[in-house]
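Trainee: Need coordinates for the below:
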Amino acid sequence: MMGIGDVPAVVWPEEGGIYKMVQVRSGESQYMRFGSERFKHFDVLRKLLLELGIDDFPALDGRSCMPAPESHNYRLVGAGMAHIKLPPKTIMLLGMSEYYQMGHDMAAFEEIMHGYPDWTIKRVDG
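Mentor: Reported below is the predicted structural model:
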């Protein structure tokens with residue numbers, strides 16, 4: 001599945017593990033990105049925004065490295081952790097983002113996952 005231009009809707013990790021995950025809407029498209037556990041959710045969001053060509057994002061709490069959860073051209077709809085297992089292709093959603101005080105948006109997640117029928121979805125509240 002593709003989003004805006006040549007930017008893919010999802011970039012899956014190449015290895016299994018625990019990842020930070022963000023869900024973003026920009027216009028009519030939505031995106032899901034993963035980052036190492038050692039990163040913060042705002043790192044993963046900032047990287048995605050730059051990938052989308054959005055470099056004028058407002059800062060959260062005045063800190064320029066922390067994008068605000070929404071602006072005129074994007075909205076963070078979910079953030080949490082994901083446990084990826086390969087093989088088989090399984091994603092288990094966990095927890096929430098302490099920085100953005102939000103968890104996963106399950107409706108948006110299920111919508112984007114329709115394009116990836118080879119993945120099994122599990123959810124664990126944490």
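
Trainee: Now stretch 58-75: average pLDDT?
Mentor: Mean per-residue pLDDT for stretch 58-75: 84.

Trainee: Can you report how many residues lie near residue 70?
Mentor: Neighbour count for residue 70, taken as other Cβ atoms under 10 Å: 14. Every residue, glycine included, has its C-beta placed from N, CA and C.

Trainee: meant to ask about residue 61
Mentor: The burial count for residue 61: 7, using other Cβ under 10 Å.

Trainee: same question, residue 27
Mentor: 10.

Trainee: Which per-residue confidence value corresponds to it?
Mentor: Per-residue confidence (pLDDT) for residue 27: 90.

Trainee: gap between it and residue 55?
Mentor: According to Cβ to Cβ, to the nearest Å, residue 27 stands 16 Å off from residue 55.

Trainee: Please, where are all the strands along the protein?
Mentor: Using DSSP state E, the strands of the chain run over 17-26, 29-36, 59-60, 63-67, 70-71, 74-85, 90-94, 96-97, 102-103, 120-123.

Trainee: avg pLDDT for the last one?
Mentor: Right, strand 120-123. So the average pLDDT for strand 120-123 ends up being 81.

Trainee: pLDDT below threshold where in this structure?
Mentor: The model of the chain has pLDDT under 70 over residues 1-5, 62-64, 123-126.
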